[in-house]
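[1] Sequence first, predicted model second:
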Amino acid sequence: MLTIDELKVALDADAGLVRAIDGLSTAIRRGETFALVGESGCGKSMTALALMRLLPDNGSVTSGRIDIEGHDVLALPESSMRAVRGGRIGMIFQEPATSLNPVMRVGEQIVEAIEAHTELRGEAARARAIEWLGRVGIPEPQRRIDEYPFRLSGGQKQRVMIAMTLACEPDFLIADEPTTALDVTIQAQILDLLRQLQREQGMGMLLITHDLPWSRAWRSRWR
Ligand SMILES: Nc1ncnc2c1ncn2[C@@H]1O[C@H](COP(=O)(O)OP(=O)(O)O)[C@@H](O)[C@H]1O
Ligand SMILES: [Mg+2]
């Protein structure tokens with residue numbers, strides 16, 4: 001269970017203090033999907049970043065509580081937070097191109113994540129990476145694992161990000177506008193993939209969008 005209780009986040013901007021989140025409360029169980037929908041600038045990404053404790057330097061949680069499976073996230077030392085990030089909560093961002101390292105082969109990046117968050121090492125981690133590339137629909141994963149990100153389309157990069165995030169077997173997944181940067185035809189495919197994997201893995205999912213028509217489409221697909 002992921003619970004957010006009366007969360008408040010403030011950002012210290014040039015124009016003054018921005019109260020980006022002003023008392024948000026919700027709870028997401030494993031296996032459940034929670035859609036956070038709202039106009040641009042309403043604080044959706046700050047919510048995601050607060051959960052991961054990755055707020056910008058000028059931002060901070062001013063009050064409230066975040067609890068993951070009984071752990072008080074805001075009280076954890078940074079060293080424990082590194083295991084939570086990626087391990088308990090995975091995150092997929094809007095822009096897959098900027099989340100992947102352009103000078104590292106995609107396989108190396110996935111293997112690095114797997115080795116950081118699971119017991120697998122070396123060839124076993126590589127085999128798991130290939131397996132995940134196949135599961136997210138990358139054709140010829142044995143060959144494409146050694147490709148650099150620039151060789152992949154936007155949709156394929158987002159698939160790689162999903163593979164990298166889910167290969168670490170998180171309990172919860174935050175997807176912050178995961179399809180906004182993609183072509184409309186690809187958006188539906190990525191969404192279907194997320195839904196399928198969420199069911200298979202039994203993750204709790206926080207799905208974020210600014211796009212109300214899309215959130216309706218998501219709802220109908222999610223049934
Ligand atoms: N680094 C920052 N410094 C100051 N204000 C910021 C910063 N990043 C975002 N904001 C402001 O915080 C509010 C919430 O932003 P955000 O969570 O990114 O919105 P969204 O719902 O579009 O994801 C917005 O008003 C935005 O202008
Ligand atoms: Mg945002």
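    Received, thanks. Ligands and ions are numbered 1, 2, ... in the order given.

[2] Which residues are in contact with residue 93?
    When contacts are counted by Cβ atoms under 8 Å, 6 or more residues apart in numbering, residue 93 touches 99, 161, 176, 177, 178. From N, CA and C alone the C-beta is placed, and that goes for glycine too.

[3] Where does the last one sit: helix, strand or coil?
    Which is residue 178. Using DSSP: H, G, I helix; E, B strand; the rest coil, the structure places residue 178 in coil.

[4] Disregarding flanking residues, what is the spatial nearest neighbour of it?
    residue 92 (4.9 Å; Cβ to Cβ, 6 or more residues apart in numbering).

[5] who touches the one you found in this structure?
    Here residue 92 is in contact with 99, 158, 161, 162, 165, 173, 174, 175, 176, 178 (Cβ under 8 Å, 6+ apart).

[6] Looking at those, spot the one nearest ligand 2.
    residue 176 (5.9 Å; Cβ to the ion).

[7] Now do the contacts for the closest one.
    Contacts of residue 176 (Cβ under 8 Å, 6+ apart): 44, 45, 48, 91, 92, 93, 94, 208.

[8] rerun at 10 Å
    36, 44-45, 47-49, 91-95, 206-209 (Cβ atoms under 10 Å, 6 or more residues apart in numbering).

[9] Can I have the buried ones of the residues you listed as a ChimeraX selection?
    Buried residues among those (16 or more other Cβ atoms under 10 Å), as a ChimeraX selection:
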select :36,44,45,47,48,49,91,92,93,94,95,206,207,208,209
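
[10] Residue 198: which of the contacts of residue 176 is nearest?
    Minimum distance to residue 198 across the contacts of residue 176 is 9.0 Å, recorded for residue 207 (Cβ to Cβ).

[11] Can you tell me the SS state at that closest one?
    strand.

[12] Can you give me the pLDDT of it?
    For residue 207, the pLDDT comes out at 94.
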